[in-house]
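In: Requesting a structural model of the entry that follows:
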Amino acid sequence: PNRDFAELLDINHIKYEREFRCGKYSYDFKVDNTLIEINPTATHSTSFSPYGDRYVKDKYYHRDKSSMAKDSGYRVVHVFDWDDKGKIINLLKHRDTVYARNCEVRFVDTLECNQYLMAYHLQGKCNNQTIRLGLYYNNQLVSLMTFGVARYNKKYEYELLRYCSSHNVIGGAERLFKYFVDNYKPNSIVSYCDTSKFSGKV
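Out: Predicted coordinates:
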């Protein structure tokens, strides 16, 4: 799996280091300020390994590797067997920079929203995205944020369901979220972050 991922990096002309050391851990790849961990189920499960008990990981192993890297100023992306490697590569590619203040906020129709999410969001589209807000630069959708009724915790009025960008949009999340708050006047909002990929900073 590591060799396959290295080939993907090479094909996409992404420069990297192998076996980057940070604290007591070694990380499979380093791309700029991002560390990538390739986690095949056979050797990274916390419950079973076909190769024997010594390959079973402690349940906090992946969390602790992320924490160690974060303390040193790095972000860690954990790549599991079920992840779309192409989308992971997209996260690492150079993206054109756009400033949110130069964009127009528009309501995005369902078809364009879902196509955009399938292309750029690691988890793809989801149901009940009743509010779909996009930032358009030169008539091109460059960033998207969706909201709907909270799915898992009913004490919240809304859930921020998806956020992603095809460009490096400076201030994009802030602009879209402020637009939502100003125009929809929510009483409460909840959102979730996959911390195996992101810091939760947004």
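In: and the helix-or-strand element of the chain with minimal mean pLDDT, what does it pack onto?
Out: Using mean pLDDT, DSSP states H and E, the weakest-scoring helix or strand in the chain turns out to be helix 41-44, at a mean of 88. With contacts defined as 3 or more Cβ pairs under 8 Å, 6 or more residues apart in numbering; DSSP states H and E, helix 41-44 has no helix or strand neighbours. C-betas here are computed from N, CA, C, even on glycine.
In: ok, residues contacting the helix or strand following it?
Out: On the C-terminal side of helix 41-44, the nearest following helix or strand under DSSP states H and E is helix 61-71. The contact list for helix 61-71, computed with Cβ atoms under 8 Å, 6 or more residues apart in numbering, reads 22-25, 27, 35, 37, 39, 44, 46, 58, 75-76, 78, 195-196, 199.
In: and what of stretch 116-130?
Out: By Cβ under 8 Å, 6+ apart, the surrounding residues in contact with stretch 116-130 are 83-84, 87-88, 90-91, 108, 110, 113-114, 134, 141, 144, 146-149, 151, 161-166, 194, 197.
In: how far out from the middle of the chain is that stretch?
Out: Shown here is stretch 116-130, whose average C-alpha point lies 12 Å from the average C-alpha point of the whole chain (Cα atoms, centre = their mean, to the nearest Å).
In: Pull up the distance across that stretch, start to finish.
Out: Start-to-end span of stretch 116-130 (Cα to Cα, to the nearest Å) is 16 Å.
In: I'd like the average pLDDT over that stretch.
Out: Across stretch 116-130, pLDDT averages out at 94.
In: buried ones in it?
Out: By neighbour count, and taking 16 or more other Cβ atoms under 10 Å as the criterion, the buried residues in stretch 116-130 are 116, 117, 120, 121, 122, 125, 129.
In: likewise stretch 194-202?
Out: By neighbour count with 16+ other Cβ under 10 Å, stretch 194-202 contains the buried residues 196, 197.
In: Let me know the outermost residue of this protein.
Out: Ranking residues of the chain by C-alpha distance from their mean position (Cα atoms, centre = their mean) puts residue 52 at the top, at 32.0 Å.
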